[in-house]
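1. coords please:
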Amino acid sequence: MKRLALVSLALLSLLITGNTMAASTLGGRLVLDDEGSFFVNGRKIQSEHPGASLVTGRQPPGSIIVNQMYVHYRIPADRKGVPVVMVHGSGHTGMTYETTPDGREGWATYFVRKGHPVYVVDHAGRGRSGFDPTPVNAVGDKAAPPEKMPSLFLGTIERSWANFRFGPEYPKTFPNVQFPIPQMEQYLAQLVPNTEVTLAGVGRNTVEALAALLDKIGPAVIMVHSQSGVYGLDVVRLRPNLVRALVSVEGGCETVTPKDIETPFVKVPMVSVWGDNSKGAWGVNGDKRRDGCQQAVNLINKGGGKATFALLPEMGIAGNSHMMMMDKNNLQVADVIQKWIMENAGK
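-> This is a model prediction of the structure:
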């Protein structure tokens, strides 16, 4: 049922690193035509090892749902932009696009203020989408050997620091870094393991779920970040007629091939957005990935498509980390992306 929701973000409070801080926003009340959540692409399977309940003990085999993807949507009352689907990266959930660690407005609500229906997802097998406990429980039940136990990766602060370009190495910071370093513990609290490794197909389930989401809601811009960059490319391959544009925020572009340019990528505009301090940076979010995206953009344009490489420092926007949607100038970056969407994907 459609409903009018008046949400005052200024009334929310967050517990940030031991201090109570009021979340604030330049936008004031958020007026929605509709808001809610649902799942797409779930599949019922038989689990021989559903696990043990703390109350009732070990459970017998039975049916469970796996591969589902959680979707939270907000539809603005004053709609004047194309829908945007926001997809997070490794170790994260849809929280990536919600309130920042220091309590400022995130992209999810900011794009709604700009008139875009926004759909924020958790990867299939991660966060609110849940995961399949069967392979983990099978080892615990001694029905599978220990080497079959999935490894549930969760990045440490020491690894994340340089990889996400907060600084050259932990705990040093770049002089111009825009990330809210004093609220680092609040940021780290939102990180989760990559539990999609418990699913057959791993990341492919998210790609198929995103395609199913487009089948349900219709044409939309797909915004991907980091790990999900290659997922966005695969969604373009699966649903070129439903992806209005692809926004890749420091996402991988390495799978783009000349053959791709002949079909889907000539139809779908793409922008690859990059922050500061990536030159010579340690880890995957440095020269190799950035230069690979520049090459992909050149390949698409040469093949007759429309692609943009947006290096923020060249636009006078400096100090952005890999987590630019949380940086102190996150709304300035959002304006760059939103302007590109309006010029390339229409309304």
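2. which residue ranges form the helices in the protein?
-> For the chain, the helices defined by DSSP state H occupy 107-113, 134-140, 157-163, 184-188, 204-217, 229-238, 258-262, 287-302, 330-344.
3. format these as JSON lines; extra columns: mean neighbour count.
-> Glycine gets a C-beta too; all of them are placed from N, C-alpha and C. As requested, those are exported to JSON lines (neighbours: other C-beta atoms under 10 Å):
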{"stretch": "helix 107-113", "mean neighbour count": "24"}
{"stretch": "helix 134-140", "mean neighbour count": "18"}
{"stretch": "helix 157-163", "mean neighbour count": "17"}
{"stretch": "helix 184-188", "mean neighbour count": "18"}
{"stretch": "helix 204-217", "mean neighbour count": "21"}
{"stretch": "helix 229-238", "mean neighbour count": "22"}
{"stretch": "helix 258-262", "mean neighbour count": "14"}
{"stretch": "helix 287-302", "mean neighbour count": "18"}
{"stretch": "helix 330-344", "mean neighbour count": "18"}
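4. got TSV for these, with mean pLDDT too?
-> TSV is the format used below for the helices of the chain (pLDDT from 0 to 100):
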stretch	mean pLDDT
helix 107-113	97
helix 134-140	96
helix 157-163	94
helix 184-188	96
helix 204-217	98
helix 229-238	97
helix 258-262	86
helix 287-302	94
helix 330-344	98
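5. how about a markdown table for those, with distance to G62 added?
-> Shown next, in a markdown table, are these (distance: least, C-beta to C-beta, whole Å):
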| stretch | distance to G62 |
| --- | --- |
| helix 107-113 | 36 |
| helix 134-140 | 11 |
| helix 157-163 | 38 |
| helix 184-188 | 36 |
| helix 204-217 | 21 |
| helix 229-238 | 31 |
| helix 258-262 | 42 |
| helix 287-302 | 43 |
| helix 330-344 | 44 |
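6. closest one to G57 among those helices?
-> helix 134-140 (13.2 Å; C-beta to C-beta).
7. residues touching that closest one, excluding its own?
-> By C-beta atoms under 8 Å, 6 or more residues apart in numbering, the residues outside helix 134-140 that reach it are 47-51, 64, 144-146, 148-150, 198.
8. what number of residues lie near K279?
-> By the other C-beta atoms under 10 Å criterion, the neighbourhood of K279 contains 10 residues.
9. G218 and L242, how far apart?
-> Using C-beta to C-beta, to the nearest Å, one gets 7 Å for the distance from G218 to L242.
10. settle it for me: which of the two has more neighbours?
-> Taking other C-beta under 10 Å, G218 and L242 do not tie; L242 has more neighbours (19 against 12).
11. okay, the more buried one: pLDDT?
-> The model reports L242 with a pLDDT of 98.
12. residues in contact with it?
-> Under the criterion of C-beta under 8 Å, 6+ apart, the neighbours of L242 are A211, L214, D215, G218, P219, A220.
13. please name the residues that touch the closest residue to I217 other than its chain neighbours.
-> In space, I217 comes closest to P83 once its chain neighbours are excluded; the distance is 6.3 Å by C-beta to C-beta, 6 or more residues apart in numbering. Going by C-beta under 8 Å, 6+ apart, P83 touches H116, P117, V118, Y119, I217, G218, P219, A220, V221.
14. and what of V336?
-> Contacts for V336 (C-beta under 8 Å, 6+ apart) come out as V273, A310, L312, M315, I317.
15. neighbours of the third one, how many?
-> Looking back up the chat, that one is L312. Other residues lying near L312 total 21 when counted by other C-beta under 10 Å.
16. local confidence estimate at it?
-> 97.
17. wait, it sits on S272?
-> No - L312 is beyond contact range of S272, at 11.4 Å (criterion: C-beta atoms under 8 Å).
18. grab the longest strand from this structure for me.
-> strand 29-40 (DSSP state E).
19. pairing partners for it, with directions?
-> With DSSP bridges as the test, strand 29-40 is paired with strand 5-8 (antiparallel), strand 69-76 (antiparallel).
20. only the buried residues of it, if you could.
-> Neighbour counts over strand 29-40 (16 or more other C-beta atoms under 10 Å) mark L30, L32, E35, F39, V40 as buried.
21. what angle separates that strand from helix 204-217?
-> Calculated by axes from the mean of the first three to the mean of the last three C-alpha atoms, to 10 degrees, strand 29-40 forms an angle of 120 degrees with helix 204-217.
22. follow-up on the earlier one: dump the contacts of L242 into CSV; add distance to A108 as well.
-> Conversion of those to CSV gives the following (distance: C-beta to C-beta, whole Å):
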residue, distance to A108
A211, 21
L214, 18
D215, 22
G218, 19
P219, 20
A220, 14
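23. go through these and name the one nearest E262.
-> Nearest to E262 among the contacts of L242: A211, at 20.4 Å, using C-beta to C-beta.
24. I'd like the distance between that closest one and K339.
-> 27 Å.
25. same thing with G251?
-> Per C-beta to C-beta, G251 is found 19 Å from K339.
26. worst average pLDDT in the strands paired with strand 29-40?
-> Looking over these, mean pLDDT reaches its minimum on strand 5-8, with a mean of 41.
27. so how far is G81 from Q227?
-> 26 Å.
28. next up, the contacts around the residue nearest to K306 when sequence neighbours are not counted.
-> Nearest residue to K306, sequence neighbours excluded (C-beta to C-beta, 6+ apart): P269, at 4.5 Å. Counting by C-beta under 8 Å, 6+ apart, P269 makes contact with R244, A245, L246, G305, K306, A307, T308, N344, A345.
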